[in-house]
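Peer 1: need a structure here:
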Amino acid sequence: MGVIAVTGATGQLGSRVARMLAEQGAAQRLVVRDRSRAPELEGAEVAVASFQDEDALREALSGVDTLFLVSAHESADRMPEHRSAVRAAAAAGVDRVVYTSFMGASPQATFTFAREHSLTERLIVESGLRLTALRNSLYADMLPLFAQDGVIRGPAGRGRVAWVARHDVARLAAATLLDPAHADRVYDVSGPEPLDLHESARVLAGVTGRDFVYVPETDEQAAASRAGAEDWQIAGWAGSYKAVATGETSVTSHTVEFVTGRRPWTLEEFLRAEPASWRHLVD
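Peer 2: Numbers count the residues shown, from 1 in each chain. Reported below is the predicted structural model:
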């Protein structure tokens, strides 16, 4: 096994993956924008680069065999950053990319960012890199952030979502990074149960001891409730709920358990295991 590079190593997902790789004794390079924020891990070196600085990123990836590519922050147009990152990886001689994609990624996806993930998957393959795509469902970690003043609002109808915890995505990512047998694979990544948002609100209420309800919105109501935000933000926010409504996030897969040998957390198990995710709702 050669050197594994981890982007986003100061973020919530990348930092978990980096720690898990260190526990396995893997040689890794943490690619960060701010060296002072990089986690201190045995067997890990640090390189400073960003997706926007293609030259620095190419140098940071020199000698790397496998790259964990965490998608860039959502923005009006993050594709230039993804193109730069893929070009740098190819130029540096990286063999395989494990990429954090989204459930149902395709050019026709309801969720605008899922379309971008589809484009990025294609860029990776067309650049001659071997792709392992982790098409993650909505993160369970996000549900407490959707709840505002005891209400979850959005145009999700009665659609369902198989919430998956970042913890379980990180376990899966570490396993696929360590085993090249996962090259040239596209994995649907979900939690074990699809819940509608009424059910999700009840689970959140049961764990936190606070009342939460889901209030379905029309597209017009959803746009009005986000008045003042930029168009791309409204489209992305509403699109995530609409992907729930269409069933694009309801897929349940056995990927996490099949690859790691342990099933992923349910939504309730996640909330009980990581109370910091919802502490702001009760403080």
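Peer 1: which residues touch the residue sitting nearest the centre point of the chain?
Peer 2: The residue lying closest to the centre of the chain (Cα atoms, centre = their mean) is residue 100, at 5.4 Å. Contacts for residue 100 (Cβ atoms under 8 Å, 6 or more residues apart in numbering) come out as 13, 69-71, 134, 136, 169, 173. In short, each C-beta sits where N, CA and C put it, glycine included.
Peer 1: For the chain, which segments count as helices?
Peer 2: 12-23, 54-60, 79-92, 112-126, 143-146, 166-178, 197-208, 219-225, 231-246, 255-260, 267-273 (DSSP state H).
Peer 1: how many neighbours does the nearest residue to residue 193 once chain neighbours are set aside have?
Peer 2: Of all residues beyond its chain neighbours, the one nearest residue 193 is residue 266 (5.7 Å), with distances taken as Cβ to Cβ, 6 or more residues apart in numbering. By other Cβ atoms under 10 Å, 18 other residues sit near residue 266.
Peer 1: cool, and the one 10 residues further on?
Peer 2: By the other Cβ under 10 Å criterion, the neighbourhood of residue 276 contains 8 residues.
Peer 1: got a list of what the residue nearest to residue 193 touches?
Peer 2: Residue 266 touches 191-193, counting by Cβ under 8 Å, 6+ apart.
Peer 1: Now do it, the pLDDT please.
Peer 2: Looking at residue 266, its pLDDT is 98.
Peer 1: do the same with residue 73
Peer 2: Per-residue pLDDT puts residue 73 at 84.
Peer 1: Residue 61 reaches residue 89, doesn't it?
Peer 2: Yes: between residue 61 and residue 89 there is a contact under Cβ atoms under 8 Å: 5.7 Å.
Peer 1: Spit out the residues that contact those two alike.
Peer 2: Jointly contacting residue 61 and residue 89 under the rule Cβ under 8 Å, 6+ apart are residue 67.
Peer 1: about what we covered before: what separates the residue nearest to residue 193 from residue 257, distance-wise?
Peer 2: 13 Å (Cβ to Cβ, to the nearest Å).
Peer 1: As a markdown table, the contacts of residue 266 with distance to residue 223, pLDDT and neighbour count would be great.
Peer 2: As requested, these are arranged in a markdown table below (distance: Cβ to Cβ, whole Å; pLDDT from 0 to 100; neighbours: other Cβ atoms under 10 Å):
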| residue | distance to residue 223 | pLDDT | neighbour count |
| --- | --- | --- | --- |
| 191 | 29 | 98 | 27 |
| 192 | 33 | 97 | 19 |
| 193 | 31 | 97 | 16 |
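Peer 1: Which single one of the residues you listed is nearest to residue 146?
Peer 2: Of all the contacts of residue 266, residue 191 has the smallest distance to residue 146: 15.7 Å, by Cβ to Cβ.
Peer 1: who's in contact with the closest one?
Peer 2: When contacts are counted by Cβ under 8 Å, 6+ apart, residue 191 touches 137, 140, 162-165, 168, 252, 264-267, 270.
Peer 1: What score does the nearest residue to residue 120 once chain neighbours are set aside have for pLDDT?
Peer 2: Of all residues not flanking residue 120 in the chain, residue 82 sits nearest, at 4.6 Å (Cβ to Cβ, 6+ apart). The per-residue pLDDT reported for residue 82 equals 96.
Peer 1: go on, residue 172?
Peer 2: pLDDT, residue 172: 98.
Peer 1: Over to residue 123?
Peer 2: You'll see residue 123 listed with a pLDDT of 98.
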